[in-house]
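Chemist: build me a structure from this.
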Amino acid sequence: MGNVSIVIGSWGSYNECNERALGSKWLDLSDYSDWGEIEEELKKEGFELDGIDEELFIQDIDGLNSDSCNWDYTHPKDLFELLQEADVIDNDYNYEIMSAFLEIRSFDDFKEKVNRYSSNWADDIYLYKNQDWYDLGYNLLHDCYQIPDYLDNYIDYEKYGNELKYDGFDEYSEGIIEVR
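Modeler: Here you go, the predicted structure:
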């Protein structure tokens, strides 16, 4: 299962260089059902959420493409609630789609899709795992047309697959992704 874990810091403690300047312990977001539970954990760790630690930020993150966002300016509550709405914290398939999506697009694009379509944000995203451009071209043409086997030697499936890059297809680390 894809877990998203974060370390939460506070600007107040960071600027004061106090004992909480390095942030919270690693928090696995799948361990919490709502933001209030995370606040309770932070209070147990000594955070003063109504005082010096009221301005929180994501100090470190694991399980999300960290290059897709400047996490210093993302409030951890906003991230947690967005991931809950997108159903990626406990849903392995949605997590896999999100991870592939973040390889080719930004976190802001992901956030926009979730804000627009809520939990249906991934309805028009398709993963073609373990496929390259040749496989994609071959499969799409053979799914649409009755192509006799003897014509396979005359069709450049890779070139056809590559042409699809301009029609919402892109390459990610585990294959091809289509975003409609």
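Chemist: ranges for the helices of the chain?
Modeler: Assigned by DSSP state H, the chain shows helices spanning 11-16, 35-44, 76-85, 92-104, 107-117, 133-144, 157-163.
Chemist: which of those sits closest to Tyr172?
Modeler: Tyr172 lies closest to helix 92-104 among those, at 4.3 Å (Cβ to Cβ). The way it works is simple: take the backbone N, C-alpha and C, and place the C-beta from them, glycine included.
Chemist: helix 76-85 and that closest one, what's the angle between them?
Modeler: Inter-element angle recorded for helix 92-104 and helix 76-85: 120 degrees (by axes from the mean of the first three to the mean of the last three Cα atoms, to 10 degrees).
Chemist: chain center to the helix or strand of the chain with the lowest mean pLDDT: distance?
Modeler: When the helices and strands of the chain are scored by mean pLDDT, DSSP states H and E, helix 11-16 comes last with a mean of 89. Distance, stretch centre to chain centre, for helix 11-16: 29 Å (Cα atoms, centre = their mean, to the nearest Å).
Chemist: what about the nearest residue to Ser10 once chain neighbours are set aside, distance to Asp28?
Modeler: Excluding the flanking residues, the one nearest Ser10 by Cβ to Cβ, 6 or more residues apart in numbering is Asp53, at 3.7 Å. Plainly put, Asp53 is 21 Å away from Asp28 if you go by Cβ to Cβ, to the nearest Å.
Chemist: looking at those two now, which is surrounded by more residues?
Modeler: Asp53 (24 against 13; other Cβ atoms under 10 Å).
Chemist: right, and that one touches Tyr14 too?
Modeler: No: contact between Asp53 and Tyr14 fails when scored by Cβ atoms under 8 Å: they sit 9.6 Å apart.
Chemist: distance of the residue sitting furthest away from the middle of the chain from Ser33?
Modeler: For the chain, the largest distance from the centre (Cα atoms, centre = their mean) belongs to Tyr150, which lies 42.4 Å off. Applying Cβ to Cβ, the value for Tyr150 to Ser33 is 59 Å.
Chemist: please apply the same query to Gly12.
Modeler: Gly12 is 27 Å from Ser33, by Cβ to Cβ.
Chemist: same deal with Tyr145?
Modeler: Counting by Cβ to Cβ, the gap from Tyr145 to Ser33 is 49 Å.
Chemist: same question for Asp60.
Modeler: In terms of Cβ to Cβ, Asp60 sits 23 Å off from Ser33.
Chemist: same question, Glu112
Modeler: 26 Å.
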